[in-house]
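Novice: Predicted structure and sequence below. I'll ask about it afterward.
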Amino acid sequence: MFTLSPLPYDYDTLEPFIDEETMHLHHDKHHQAYVDNLNKALETSPEFQNTPVETILTGLDKIPETIRQKVKNQAGGVWNHTFFWDIMAAGQQEVPAEFKEFIEPFSASALSLFGSGWTWLIKENGQIKIVNTSNQDSPISAGQVPILALDLWEHAYYLKYQNRRKEYIEAWWNVVNWAKVKELVA
Ligand code: MN3
């Protein structure tokens, strides 16, 4: 069975850019729900309940077709959020020179995303690219290597920023864990 990992820092670590209340709701309720629903989705195929989430997402064709979409949604929700927590850290870090060119187009891509989803920096064939995914689709299912991610579901920002997605995006750059991003891109 899958369980929810604790946040790698305190709930108020990302203040004032991402508030404590949002982090409680996002981690304790939303992330937890993906974990619970993944366990539920796999009740009829318990052999996958001990499979790492990464393995499920990179081998979705092995999941029985009747539950595949459900498993894809919930496993994506589990993996994407764990990744998201890891690429954030206490505020206002300087953007490394090699990533400066990505800030503007990434923000534009995040702002243009329709509905719920994510904007990512991914590595593919040795190149860094910006991609958007819908819902909880994860780039790892497409063989891409995520190095940065921004959650653009309203639950990620609505308490503090309401409909002001642009402000959320701008604030979020302050809490990117660039040390982790550099590690992932290496
Ligand atoms: Mn979320």
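Specialist: Nice, thanks for sending it over.

Novice: Show the pLDDT at the residue nearest to the spatial centre of the chain.
Specialist: Compute the mean C-alpha point of the chain, and by Cα atoms, centre = their mean the closest residue is residue 80, 3.4 Å away. Residue 80 is assigned 98 on the pLDDT scale.

Novice: Residue 184 too?
Specialist: Model confidence at residue 184, given as pLDDT, is 95.

Novice: isn't it right up against residue 147?
Specialist: Yes: applying Cβ atoms under 8 Å as the test, residue 184 and residue 147 come out as touching, 4.2 Å apart. Any C-beta I mention is one placed from the backbone N, CA and C, and that applies to glycine too.

Novice: These two: who's more crowded?
Specialist: Legend: neighbour count by other Cβ atoms under 10 Å for residue 184 and residue 147, higher for residue 147 (23 against 18).

Novice: Please name the residues that touch the more buried one.
Specialist: The neighbourhood of residue 147, defined by Cβ atoms under 8 Å, 6 or more residues apart in numbering, consists of 87, 120, 121, 122, 123, 128, 181, 184, 185.

Novice: Over to residue 48?
Specialist: If a contact means Cβ under 8 Å, 6+ apart, then residue 48 has 42, 56, 63, 71 as its contacts.

Novice: Just the buried subset of those, please.
Specialist: By neighbour count, with 16 or more other Cβ atoms under 10 Å, those hold 42, 56, 63, 71 as buried.

Novice: In strands, which of these appear?
Specialist: Nothing among the buried ones among the contacts of residue 48 maps onto strands, per DSSP state E.

Novice: Same question for the helix or strand hosting residue 37: list its buried residues.
Specialist: Element membership of residue 37, judged by DSSP states H and E, is helix 32-41. Neighbour-count burial for helix 32-41, counted by 16+ other Cβ under 10 Å, picks out 34, 35, 36, 37, 38, 39, 41.

Novice: Among those residues, which one lies nearest to residue 51?
Specialist: Closest approach between the buried residues of helix 32-41 and residue 51, by Cβ to Cβ: residue 38, at 10.7 Å.

Novice: I'd assumed residue 74 was in contact with the closest one.
Specialist: Yes: counting by Cβ under 8 Å, residue 74 is a contact partner of residue 38 at 3.9 Å.

Novice: With the ion in mind, check whether the helix ranked longest in the chain reaches it.
Specialist: Using DSSP state H to assign secondary structure, the helix with the most residues in the chain is helix 65-86. No: using Cβ under 5 Å from the ion, helix 65-86 stays clear of the ion, with a minimum separation of 5.7 Å.

Novice: Which residues outside that helix are in contact with it?
Specialist: Taking contacts as Cβ under 8 Å, 6+ apart, the residues outside helix 65-86 that touch it are 2, 5, 7-9, 26-27, 30-31, 33-35, 37-38, 41-42, 44-45, 48, 53-54, 56-57, 60, 63, 118, 135-138, 140-141, 146, 149-151, 177, 180.
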